[in-house]
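# Just a sequence and a predicted model for now, questions to come.
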Amino acid sequence: MPRDLTGPDARGWFGPYGGRHVPETLMAPLEELEREFRRAWRDPAFRREFESQLRDYVGRPTPLDFAERFSQRVGARVYLKREDLCHTGAHKINNALGQVLLARRMGKRRVIAETGAGQHGVATATMAARFGLECVVYMGRVDMERQALNVVRMRMLGARVVPVTAGQQTLKEAISEAMRDWVTNVRTTHYVLGTVFGAHPYPMMVREFQSVIGREARRQILAAEKRLPTLLVACVGGGSNAMGLFAPFLRDRGVAMVGVEAGGRGIRPGQHAARFAAGRPGVLQGARTLVLQDRHGQILPTHSVSAGLDYAAVGPEHVLLHELGRARYTWVSDSTAIRGFETLARLEGILPALESAHAIGWLLTRRAKLRRSDVVIVNLSGRGDKDVQQLAERRLSGIAGG
Amino acid sequence: MSDRLRALFDRLRANNRAAFITYIAAGDPTPARTADYVRELVAHGADIVELGLAFSDPLADGPVNAAAAERALRAGATLPVVLDLVRSIRRTLDIPIVLYSYLNPLLAPGFGRAMRRISAAGVDGVLILDLPADEAAPYLPDLRRAGVAPIFLVAPTSTDERMRRIARAADGFVYCVSRTGVTGARRTWSADARVVLRRMRRHTALPLALGFGISSPDQATEAARWADAVVVGSALVERLARMERGEEAPGAVWAWVGAMADAIHSARRSSPP
């Protein structure tokens, strides 16, 4: 086993979280997927292909960009890990590339994906186009409206985008619908799950594909500052961009880590997606983890201005990191995230995705606590073009604070 | 195994008959209507009643059952309400009752407590769609103590090693899925069905039920020749929903249930294998 596979255990558990809670039909395919992933990840030819596509097609390594004016604003040395400069505009492509290469290796001719903000859908459609696979993307109808640009992009890339109209019509329902497709077409289809969530081996596999973020950032910060950072900050929906940044730093004890969740309109049932603030252990869509639920175990609706964070559960490894005290999880409201978006636009000329803007917004609230000597890396997980229209409409209707 | 399930399968085996298992969502459209349905189903030949405890995110279910679960949740069909329903059914009926659900609604009150309560209400077995045998070990002692039979799915994709694991954990009966996919009626019959039954038979002496997609008396007859029990779910849920909307006469629905029961009960006599 490669040295960088730090968990989970052989049965897919991160302590008491994770596992494989799926219908029997998917169990043998998940076992096969795990075997194939482990084999591929040990295979130098697979790794070479993954790395050369990351370099030449995705555009890696992405810069670690010192944000001078933003640093002055918050009173610490802040570097942005520029995942927004990846091909297709977000970190999601790292994982989509890995999984599509794996699907091809497994002889699957068809890939499916769920998407919330649309970035994972676009990334999967992109890789499917590049490798000539059929692609179907499930997306909640509400998300299709607020991320209309990404729907158009996916269709241009040749993917079929299927609206999901069940429940609250966002990411959770899109995952259920993708799992229904997979359970039906499992012999021909690979499910490209977009985050460190779901049944084993997805949380482990997606972390491995995304860990390129943290490996680069670690090398880059050592080159720039001649020392490790004091703090890592990332937004957490399912948690793949955070896990990708955190994983290569887990053994560096002096490096603090903060995951920022969507506080939406405030921590009241149905108004947010802050699982660490209000979730209880439960089982959803394959994993035992923290889940926003009522006292009867029914999943609560969620709200966030950012479609990518608008989800009732969180990747199981994050819950273990929280319990071990290795990472801390907090939340900011919609309006703080929008303030983060606008601040970064004006101070650095970067429009961040509303998801990443949660990490930026949180730093703005930490000004009093940060020291000049602090070296902070923020994962700028995606670019905000997809959110421009939504923010413009919000501004017109007078909802936006800043 | 629960006494009711064992007694039923012993009796049916002695008569060379397959069991007719009917699935409906508890509380769809209301708990009171569900109680009426159960009495009608039993009057028209159902041998085992499977009641769905609704979950907000039923990822193993197709659109028909998912819609039924949504209606049941709107009608307030939480675990306490469903257990009241079971108790009211139990006052007049002694047939086996199986609860069909997902893990999370059963974890919410504490799994051990949930099992004691469903057992006390008169439930004989539980089928938890997102609890495969691999993850069942922490839950089996609670099930055993409560006297609730753990029923597991076997799928066409299950390997022999998986079938052995399922056979070790299972009790009551084993639910064989006739094809890959979610719940829901299908017109075409899968060749997988017979293969999965034959393979699973090598690993267990427990009764084997066959389900997922059985919607016509002809399919039911065929299934009953191979399996010890035949499950009819989505097709029934769909017809009851049409009946509630006034699109189908109650007489026609119950006549169809009777025809399904006859097809299953007489399958082995009408044409010897």
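Looks like it arrived, so ask away. Residues are numbered from 1 along each chain as shown, chains lettered A, B, ... in the order given.
# okay, CA-based contacts and neighbour counts for the rest of this
Fine.
# Just the pLDDT at residue A:398, thanks.
Note for residue A:398: predicted pLDDT of 64.
# OK, contacts around residue A:149?
Going by Cα atoms under 8 Å, 6 or more residues apart in numbering or on different chains, residue A:149 touches residue A:386.
# which stretch of helix or strand covers it?
Taking DSSP states H and E as the definition, one finds residue A:149 inside helix A:148-156.
# Going C-terminal from that helix, what's the next secondary structure element?
By DSSP H and E, the next helix or strand past helix A:148-156 is strand A:160-164.
# Contacts for the following helix or strand past that next one next, please.
Counting by DSSP H and E, the element after strand A:160-164 in chain order, helix or strand, is helix A:171-185. For helix A:171-185, the surrounding residues in contact (Cα under 8 Å, 6+ apart) are A:25-26, A:112-116, A:137-140, A:143, A:164-167, A:189-191, A:285, A:307-308, A:310-312, B:57-62, B:180-182.
# run the last query once more with 6 Å
A:114, A:116, A:138, A:139, A:140, B:59, B:180, B:181 (Cα atoms under 6 Å, 6 or more residues apart in numbering or on different chains).
# Tell me, how many residues neighbour residue A:323?
12 (other Cα atoms under 10 Å in any protein chain shown).
# contacting residues around the residue nearest the centre of chain A?
Centroid-nearest residue in chain A: residue A:240, 3.5 Å away (criterion: Cα atoms, centre = their mean). Contacts for residue A:240 (Cα under 6 Å, 6+ apart) come out as A:195, A:196.
# and with 8 Å instead?
Residue A:240 makes contact with A:194, A:195, A:196, A:206, A:207, A:210, A:315, according to Cα under 8 Å, 6+ apart.
# Then residue A:328?
A:257, A:258, A:259, A:321, A:322.
# Show the pLDDT at it.
Model confidence at residue A:328 (pLDDT) stands at 98.
# got it, and residue B:183?
Reported pLDDT for residue B:183: 76.
# do the same with the one 3 residues further on
We have a pLDDT of 68 for residue B:186.
# what about the residue of chain A found nearest chain B, how many residues close to it?
Residue nearest to chain B within chain A (Cα to the nearest Cα): residue A:184, separated by 3.6 Å. For residue A:184, the count of nearby residues is 18 (other Cα under 10 Å).
# Next step: the contacts of helix A:171-185 restricted to strands.
Assigned to strands by DSSP state E, the following of the contacts of helix A:171-185 qualify: A:114, A:138, A:139, A:140.
# Report the contact partners of the first one.
Remark: with contacts taken as Cα under 8 Å, 6+ apart, residue A:114 is in contact with A:120, A:121, A:137, A:138, A:139, A:171, A:174, A:175, A:178, A:192, A:193, A:194.
# Quick check: the fifth one vs residue A:157, distance?
Relative to residue A:157, residue A:139 is positioned 16 Å away (criterion: Cα to Cα, to the nearest Å).
# So those two - more neighbours on which side?
residue A:139 (30 against 19).
# Residue A:372: which of the ones in strands among the contacts of helix A:171-185 is nearest?
residue A:114 (41.5 Å; Cα to Cα).
# Please read off the pLDDT at that closest one from the model.
Reported pLDDT for residue A:114: 97.
# Excluding chain neighbours, what is closest to it?
Take residue A:114 and drop its neighbours on the chain: the residue closest to it by Cα to Cα, 6 or more residues apart in numbering or on different chains is residue A:138, 4.7 Å away.
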